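**Student:** any chance you can model this:
(chains A and B, ligands or ions: 1)
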Amino acid sequence: MAQATDQRALTYAQAVNEALRQTMESDNKVFVMGEDIAGGAGREDQGKSDAWGGPFRLTKGLIGDFGPDRVRDTPISEAGFLGAGVGAAATGMRPVVDLMFSGFFGVCADQIVNNAAKMRYMFGGKITLPLTIMTSTGAGTASAAQHSETLYSLFAHFPGLTCVAPSDAYTAKGLFISAIRSDDPVIIFNHKLLMGRTAKSADMGQGEGFGVVVPEEMYEVPIGKAHIDREGTDITLVGISYTTIVCRDAARELESRGYSVEVIDLLSVSPLDSETILNSVKKTRGIVIVDEDYPRCSVASDISALVAEEAFDYLDAPPVRITSPHTPVPYSLPLEMLYLPTKESVVEAALGILE
Amino acid sequence: MATDFIIIDIYKEEPGLDMQKIDDKLLMQFFETMVTIRLFEEECRRQADLGKLRGMHSSIGQEAVPVGICGHLKEGDYILGNHRSHHHCIARGVDINEMMAELLGKSTGTNRGKGGTMHIADIDKGMLGANGVVGSNIPVATGAALSAKMRGTDNVSVVFFGDGASGQGVLYESMNLASIWKLPVIFVCENNRYAEATPFEYAIAGGNVSSRAEGFDMPGIQIDGQSVIEMFLKATPAIERARNGEGPTLIEALTYRYQGHFGGENPQSYRTKEEEEHYKSNDCIKQIRNYLIEEEVCGLDDLTRLEEGASVKVEQSVKFADDSSFPDDKALYEDVYISNS
Ligand SMILES: Cc1ncc(C[n+]2csc(CCOP(=O)(O)OP(=O)(O)O)c2C)c(N)n1
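**Tutor:** Sure, this is the predicted structure:
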């Protein structure tokens, strides 16, 4: 793990921006495309070509440094430009393609699951596909059913796709760099509620979340490895992306009640770091998996099955999953709050195992 | 530089428009509905500022497009919208009390508070839903037209989408389907010049949407979407064609979004104040207002009465929404399926 060189507290979005900038500087094959990732395309003469810098400002300023050739605003044509990303990746470029919200994957699903995921295998290993797809996930912003989904499991279902979910600015930068350098297609899920946060505002205690600063130099967070965010011996909580924060909050509460809690920040949804999860459970003998995705056929159910199959004899109680319910995301505020996994529900589930 | 639309002064130079086909009562109704939409959208902004309404895409400036088109519709016809659909809903006659309640997340809302601004639907009123996924409703409208045809009705469906949605392949799949099967659907592209921050001149090859109809063997027309009279009259052949079983039409309505893409977004990050003022000076409500007075369709006091009436109705919608309760917790789990809910 790279060591922090200074006390920079970047937001998640700034950390991603830095990762993109540094990878673009170091490799001229890397380019970015998506809707309004610059914004105001064609208005260069009015000085307005960087109007948005992406809906979450992840690509802010890049067009000024790298120009419209490498920072491409696209029409609203996900099937077209995702597929173009596949084709460009297959022929020597290293595209980073923005799919604004994960719920829009349906528009371009064919390109992701039939082409990106399978081409290498179908072609007998004769191509590499260094394609990075970034997308945003998560409820909690009144965006209703089509703009608030998480959907890790859909992509993890497909052999050939690598799926990562950073939990803070540090892991975001490192996972972006790893993803862009990877020769496999990688999907990065950015939770909407994380992107404005600094590592510090995640309110992490000692030893959590890799520390609180983002190194300026390039570094990788390895794909396929979960991170033990906090060590403990009584129970394991597994978080993914934003739910890692929920787990930390729950851990603090449980510790105030005298329990020693281990929090695993999954980071990599596919491939899954079975070893870290199993080793933790063998130590703590209990696990709560916290996932914002739909509960059926999910990453949470996958981990639950893993633990039941591989560590059954070590468990004091069955694995527990805290997820969203098997419903679309509702609009109304009280319903949306009810929808999301909370610290309280995690604490309750953990106490159910511990007591 | 942005290329200006060619604004046609329909009242003087446009020979094809037969004002006999539009009566005074309808004109006044158009005015009233457009004012209602504008006041409703302004009120939504206030509700958002108060923190009660959680984000929306404002339709201010685009009122004339759906109002003109919906002037042709009857029971059994369906409209479908996109993420920016409050004006479509009101033009089709969806109750604004229920709309405001929906926007405030209340159980009395059109969708019982579960859909919000991007998903308002009122099937009984002929509004088959707004949709947050750009382009997504276009084939659904095509299916509603297929159904109208297969059920042996002369009903039509109308789908409203933006210039940005013309980037989606599904538009062309739908146009082709509708054309080979002669389906009664009217594809209405509201070209408000921007998709988020992206100007249409950049994103649309050839610089317009309407001419794409040619390849699909259907009429494609541009209409000045700032004129409700022109919207209504020039859409007539499209509606008649659909009702007569002759097939679809693509209409590109030239209009302008006055506000940011969504509440709080600053449009001057990608367009100039001068440009905004240029298009706002051609305001659709101002135009119809002037017409009604100049042509002595009605007096100023009539207009004032309509404006005040609309204002009271919008105020009442807030009261209705405020007085309504949030959905019960169990609503979260209802209507995932018909059975077991
Ligand atoms: C499939 C899909 N891609 C992207 C978006 C994000 N998005 C929402 S509105 C919008 C712009 C739409 O522009 P346009 O169709 O012209 O409609 P307008 O907003 O101008 O009314 C975009 C890109 C989306 N909702 N759906």
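
**Student:** to which secondary structure element is residue A:68 assigned?
**Tutor:** Assigned by DSSP states H and E, residue A:68 falls within helix A:62-70.

**Student:** identify each buried residue in stretch A:53-62, please.
**Tutor:** By neighbour count on 16 or more other C-beta atoms under 10 Å in any protein chain shown, the buried set for stretch A:53-62 is A:53, A:54, A:55, A:56, A:57, A:58, A:59, A:60, A:62. C-betas here are computed from N, CA, C, even on glycine.

**Student:** ugh, wrong one, I meant stretch A:66-73
**Tutor:** Within stretch A:66-73, the residues that count as buried by 16+ other C-beta under 10 Å are A:66, A:70, A:71, A:72, A:73.

**Student:** which residues does the last one bridge with?
**Tutor:** Assessed by DSSP bridges, residue A:73 has beta-bridge partners residue A:34.

**Student:** show me the domain layout of chain A.
**Tutor:** A:12-194, A:227-354 (automatic domain parsing).

**Student:** okay, the buried residues of stretch A:66-73 in TSV with distance to residue B:33 next?
**Tutor:** Below are these laid out as TSV (distance: C-beta to C-beta, whole Å):
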residue	distance to residue B:33
A:66	48
A:70	47
A:71	43
A:72	41
A:73	36
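
**Student:** relative to chain B, which of those is nearest.
**Tutor:** Nearest to chain B, judged by C-beta to the nearest C-beta, of the buried residues of stretch A:66-73 is residue A:73 at 5.7 Å.

**Student:** and the residue most central in space within chain B, what does it touch?
**Tutor:** Nearest residue to the geometric centre of chain B (C-alpha atoms, centre = their mean): residue B:88, 3.4 Å. Residues in contact with residue B:88 (C-beta atoms under 8 Å, 6 or more residues apart in numbering or on different chains) are B:59, B:66, B:70, B:79, B:81, B:127, B:130, B:160.

**Student:** just give me the closest of these to the ligand.
**Tutor:** residue B:59 (8.0 Å; C-beta to the nearest ligand atom).

**Student:** in three-state terms, label the closest one for me.
**Tutor:** Secondary structure, DSSP: H, G, I helix; E, B strand; the rest coil: residue B:59 is coil.

**Student:** possible to save the buried residues of stretch A:53-62 as TSV with pLDDT?
**Tutor:** Below are the buried residues of stretch A:53-62 laid out as TSV (pLDDT from 0 to 100):
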residue	pLDDT
A:53	96
A:54	95
A:55	93
A:56	95
A:57	96
A:58	98
A:59	98
A:60	97
A:62	97
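
**Student:** also within reach of chain B: list those from those residues.
**Tutor:** Among these, the residues lying close to chain B (C-beta under 8 Å from any C-beta of the partner chain) are residue A:55.

**Student:** between the buried residues of stretch A:53-62, which is closest to chain B?
**Tutor:** Nearest to chain B among these: residue A:55, at 7.7 Å, using C-beta to the nearest C-beta.

**Student:** now do the same for the residue nearest to that closest one when sequence neighbours are not counted: helix, strand or coil?
**Tutor:** Leaving out its chain neighbours, the residue that sits closest to residue A:55 by C-beta to C-beta, 6 or more residues apart in numbering or on different chains is residue A:100, at 5.8 Å. Secondary structure state of residue A:100, per three-state DSSP, is strand.

**Student:** ok, the one 3 residues further on next?
**Tutor:** Residue A:103 falls in the helix class when you classify it by three-state DSSP.

**Student:** check contacts around it.
**Tutor:** With the criterion set at C-beta under 8 Å, 6+ apart, residue A:103 makes contact with A:146, A:147, A:148, A:149, A:151, B:132, B:133.

**Student:** which of these tops the neighbour count?
**Tutor:** Neighbour counts for the contacts of residue A:103 peak at residue A:148, which has 28 neighbours (criterion: other C-beta atoms under 10 Å in any protein chain shown).
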